[in-house]
Structure formats: C-alpha cells, structure tokens
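**Q** Okay, sequence plus prediction incoming.
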Amino acid sequence: MPMPSPDRLVILDRDGVINQDSDAYVKSLEEFLPYPSAIAAIGCLCRAGWTVTVATNQSGIARGYYSEATLGEMHAELRRRVAAAGGELAHIAYCPHGPDDDCDCRKPLPGLLEQIRDALDLDSLEGSWMVGDSLRDLQAGETQGCHRVLVRTGKGERTLAKHPELAARGSEPRVFADLAAFVDWLLAEQAP
C-alpha cells in the first residue's frame, strides 16, 4: 500500500454507505449486506492509489445487541469482499459505546477520525474525504478539516429531509446518490 497522505484518503461511514442499514441495527453476519456497487467502488479507489478507511459508530455493542466478536466477523467479511474487488481497507475504527457513555469516539465527536489519523501516522486529516449518510458523519469530518460528502443511501434521504440546507449547490457537503457515484466523480475530478 502506498504511503497515505490526507489528500488521497477517503474515510467511510459503514452502515448506509457500504452496506444496508437497519433501524433495528445490523446485528449479525447474516444481516451484514454490503452494496455490491460500494464494494466495487472501494476497489476502484484503492487501485487508483487512494487509501480507504472506515469510521463507524457501533452502539449495538453497548446496547447488548451483538458482541465485538460478531462485529469482527462482519469486518473480516467486509475486508474479504474488498480484497476480492482489488482493494484494501487501511484501517477500521469503531465506537462500541452508547450515547450516554461519555466517550470521545462516538461521531460527531472526533475520536474515530483521530484514531485513523494516528493509525496512518498522519499529522492531520485536512483535505481528506469523509463520506457518510448522517449529519453526525459530516460533523465529525468537519472537526478534522475533511471535505464532506453525503450519500442518499442508508439514512441519507432522511438526513436531507431534516436538513435541506445540506443540498445547497456549490457548497459542502457534496451530495451523491451513493458511494459509487461519489467515487466516479472523485476519480474523474482527480484525473491528470
């Protein structure tokens, strides 16, 4: 893997961006259903020399819906699928805490992104891309100087309905139908 730099780094939320989300939580490997287009998009990014990471709130652990071992199974399957598409996830950061646990990693707090920054040995994340389907994803990215992208998959449409100002043209966040549409745009924008 090439040495990462912030301007060639994409940080992805998981549920709703990479895989189908559920209001009842994604609690098992059987319920973990990646979007084929998202897996292919991650592979394209990696093959084009981008570093891809994941930052995901997983409060279902604190709520007792599934264990960290089950989450590990889901992430092993995610890594397997991404590798089959010609890609690699440089780091997966997750917050196992609930909303009342007073942690520093639950998005919109910056802890998960700071974990990624430290894991990749970067000085900052300024200029990298944060892709999510919720306001808290965008807020976490903003704390670190990331370009922000909202996808309409997962909770994205609901987020836009609650916050129509997010869809303002010519400003951040940029809004795309899904991860694949964002990656197509990004790779075209960054072409030499």
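**A** That came through, no problem.

**Q** Next up, phi/psi of residue 144, please.
**A** Here is the backbone geometry of residue 144 (degrees, to the nearest 10): phi -110, psi 10.

**Q** Name the nearest residue to it, ignoring sequence neighbours.
**A** residue 125 (4.1 Å; CB to CB, 6 or more residues apart in numbering). The way it works is simple: take the backbone N, C-alpha and C, and place the C-beta from them, glycine included.

**Q** Assign that neighbour to helix, strand or coil.
**A** coil (DSSP: H, G, I helix; E, B strand; the rest coil).

**Q** what number of residues lie near the closest residue in space to residue 86 that isn't next to it in sequence?
**A** Closest residue to residue 86 apart from its sequence neighbours, by CB to CB, 6+ apart: residue 43 at 4.3 Å. Residue 43 has 20 neighbours, counted by other CB atoms under 10 Å.

**Q** Can you classify residue 43 by secondary structure?
**A** Strictly by three-state DSSP, residue 43 counts as helix.

**Q** so what pLDDT did it get?
**A** Confidence at residue 43, expressed as pLDDT, is 98.

**Q** where's it relative to residue 181, distance?
**A** Counting by CB to CB, to the nearest Å, the gap from residue 43 to residue 181 is 16 Å.

**Q** Repeat that for residue 12.
**A** 14 Å.
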